[in-house]
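Colleague: when you get a sec, could you give me coordinates for this:
(one chain, ligands or ions: 1)
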Amino acid sequence: MSASLLNLDQVEVGYGDKTVLRDLSFALAPGEIGCLLGPSGCGKTTALRAIAGFETIRAGRIRLNGDVIAGADGHWPPQRRGIGMVFQDYALFPHLTVAGNVGFGLGALDKGARAAKVAELLEVVGLAAHANDYTHALSGGQQQRVALARALAPEPRLLLLDEPFSNLDVELRERLSQEVRDILKARGMTALLVTHDQHEAFALADRIGVMDGGQLRQWDRAYALYHEPADRFVADFVGEGAFLPATVIAPGELSFELGQGPYLATQEGRPGQTLQVLLRPDDVLHDDHSALQARVVKKAFRGAQFLYTLALPSGATVLSLVPSHHDHAIGELIGIRLEIDHLIAFS
Ligand SMILES: Nc1ncnc2c1ncn2[C@@H]1O[C@H](COP(=O)(O)OP(=O)(O)OP(=O)(O)O)[C@@H](O)[C@H]1O
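Modeller: Model (predicted):
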């Protein structure tokens with residue numbers, strides 16, 4: 001495994017007598033895109049500010065490219081860290097053109113090199129035709145791309161993005177997060193995003209850290225967060241799903257209303273103990289030929305799919321994503337079967 005470009009080791013940050021981040025540890029390899037995901041107030045922005053150098057840390061260590069930039073031995077000021085930032089409100093300069101904004105941090109280059117760099121980046125973000133426009137004349141998505149180009153221009157070692165899409169509508173958000181990912185990947189840029197929006201996190205990041213109350217609950221790939229959440233908070237925060245009561249019938253094996261099988265234990269379960277097994281909507285398939293039946297109690301149209309809420313004979317409900325040409329009425333009984341790699345259960 002390659003050495004990490006960014007490494008946080010048991011970082012603690014606070015304001016006054018309040019500790020806002022505790023024991024924060026994670027690492028990003030060169031070229032990797034990470035994301036801190038969590039509800040409002042969990043400390044995501046504080047983590048970014050500590051990495052950028054706007055907050056001092058109370059304990060732990062932050063390393064960038066092997067250098068200790070924050071720790072017991074000192075604190076590098078922001079300008080020495082070589083970190084680029086994209087802010088939620090873009091923070092563009094209204095009195096400068098698009099080209100002026102992108103070239104703003106390139107004072108060390110001569111005029112020709114600066115113009116070439118600006119032109120290159122405007123090409124990358126698809127705004128070459130707008131070089132001489134003022135930024136207030138641009139759409140939100142275009143302003144966002146100017147902010148990205150401006151942050152990338154000085155060739156930072158690391159790029160931090162603080163809720164960069166939150167001012168955009170949902171559709172644009174999804175398209176732009178994919179575009180931004182492509183741009184960062186093409187440049188081999190290491191980046192850390194913070195957001196409360198899991199779709200953004202999934203679209204952009206290679207690795208995601210779910211935060212709660214100033215602590216990292218899990219640092220993992222999106223698939224693992226969704227299908228192998230480390231605890232109940234992560235299971236609830238990421239994606240949709242239902243929990244069904246289950247009984248441990250042998251070590252590592254449990255039985256519940258829809259079947260039985262081995263489970264990934266997040267908590268040791270003694271035989272006889274009751275746990276809650278997690279079922280995602282894509283674990284529960286609609287199958288006309290299945291003997292197992294459930295009643296449609298709710299349905300939500302999602303274009304290509306329906307999200308059905310289905311009542312089992314016990315009265316417990318599960319969610320099921322079904323291609324939308326299977327249009328069943330509320331109250332109807334439909335066949336279901338489970339398709340699941342492994343069960344996961346919590347106490
Ligand atoms: N300058 C400050 N002084 C005192 N407390 C602060 C300061 N900045 C943030 N906090 C507190 O620290 C906690 C974490 O805030 P932070 O902004 O890092 O959270 P966040 O996850 O980014 O939330 P949001 O998504 O709402 O911005 C909050 O309780 C907040 O009130």
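
Colleague: for residue 11, give me its contacts.
Modeller: Taking C-beta atoms under 8 Å, 6 or more residues apart in numbering as the criterion, residue 11 is in contact with 21, 23-25, 47, 50, 57, 59-62, 70. Quick note: C-beta positions are derived from backbone N, CA and C, even for glycine.

Colleague: if it is in a bridge, with which residues?
Modeller: Per DSSP bridges, residues listed as beta-bridge partners of residue 11: residue 24.

Colleague: just checking, residue 69 is part of a strand?
Modeller: Yes - looking at residue 69 with DSSP: H, G, I helix; E, B strand; the rest coil, it is inside a strand.

Colleague: would you mind measuring from it to the ligand?
Modeller: Per C-beta to the nearest ligand atom, to the nearest Å, residue 69 is found 19 Å from the ligand.

Colleague: what is the burial count for that residue?
Modeller: Applying the criterion other C-beta atoms under 10 Å, we find 24 residues in the vicinity of residue 69.

Colleague: put the buried members of the contacts of residue 11 into a PyMOL selection.
Modeller: Buried subset of the contacts of residue 11, written as a PyMOL selection, criterion 16 or more other C-beta atoms under 10 Å:
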select buried, resi 21+24+47+50+57+59+60+61+62+70
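
Colleague: mind giving me CSV with the contacts of residue 11 and columns for pLDDT?
Modeller: Formatted as CSV, the contacts of residue 11 follow (pLDDT from 0 to 100):
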residue, pLDDT
21, 97
23, 96
24, 97
25, 97
47, 96
50, 97
57, 96
59, 96
60, 97
61, 97
62, 98
70, 96
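
Colleague: list just the nearest of the contacts of residue 11 to the ligand.
Modeller: When the contacts of residue 11 are ranked by distance to the ligand (C-beta to the nearest ligand atom), residue 47 comes first, at 6.9 Å.

Colleague: can you confirm the closest one is in a strand?
Modeller: No - looking at residue 47 with three-state DSSP, it is helix, so not inside a strand.

Colleague: what residues does the stretch 1-150 of the chain have near the ligand?
Modeller: By C-beta under 6 Å from any ligand atom, the residues of the stretch 1-150 of the chain that approach the ligand are 15, 20, 38, 40-46.

Colleague: 8 Å instead?
Modeller: Remark: the part of the stretch 1-150 of the chain in contact with the ligand comprises 15-16, 18, 20-21, 38-49, using C-beta under 8 Å from any ligand atom.

Colleague: out of the contacts of residue 11, which two sit at the greatest distance?
Modeller: When the contacts of residue 11 are compared pair by pair using C-beta to C-beta, the two farthest from each other are 23 and 70, 15.2 Å apart.

Colleague: thinking again about what came up before, show me the residues of the stretch 1-150 of the chain next to the ligand that map onto strands.
Modeller: When strands are assigned by DSSP state E, the members of those inside them are 15, 18, 20-21.

Colleague: now those: which count as buried?
Modeller: Buried subset of these (neighbour count, 16+ other C-beta under 10 Å): 20-21.

Colleague: could I get the ones in strands among the residues of the stretch 1-150 of the chain next to the ligand as CSV with distance to residue 318?
Modeller: Written out in CSV, the entries for these read as follows (distance: C-beta to C-beta, whole Å):
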residue, distance to residue 318
15, 43
18, 41
20, 38
21, 37
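
Colleague: before we move on, the earlier item: buried among the residues of the stretch 1-150 of the chain next to the ligand? Need that as a selection in PyMOL.
Modeller: Applying 16+ other C-beta under 10 Å to these, the buried members can be selected in PyMOL as follows:
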select buried, resi 20+21+38+42+43+44+45+46+47+48+49
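
Colleague: quick one: distance of stretch 289-297 to the chain centre.
Modeller: Counting by C-alpha atoms, centre = their mean, to the nearest Å, stretch 289-297 is centred 34 Å from the centre of its parent chain.

Colleague: flag every buried residue along it.
Modeller: Quick answer for stretch 289-297 (16+ other C-beta under 10 Å): 292, 294-296.

Colleague: give the contact list for residue 187.
Modeller: Contact partners of residue 187, counting by C-beta under 8 Å, 6+ apart, are 124, 152.

Colleague: ok, so what distance separates it from residue 227?
Modeller: In this structure, residue 187 lies at 31 Å from residue 227, with C-beta to C-beta, to the nearest Å as the measure.

Colleague: residue 193 now?
Modeller: Computed with C-beta to C-beta, the distance linking residue 193 and residue 227 is 22 Å.

Colleague: higher neighbour count, the two?
Modeller: Counting neighbours by other C-beta under 10 Å for residue 193 and for residue 227 shows that residue 193 has the greater number, 28 against 20.

Colleague: avg pLDDT for whichever helix in the chain runs longest?
Modeller: For the chain, the helix that runs over the most residues, judged by DSSP state H, is helix 170-186. Averaging pLDDT along helix 170-186 gives 87.
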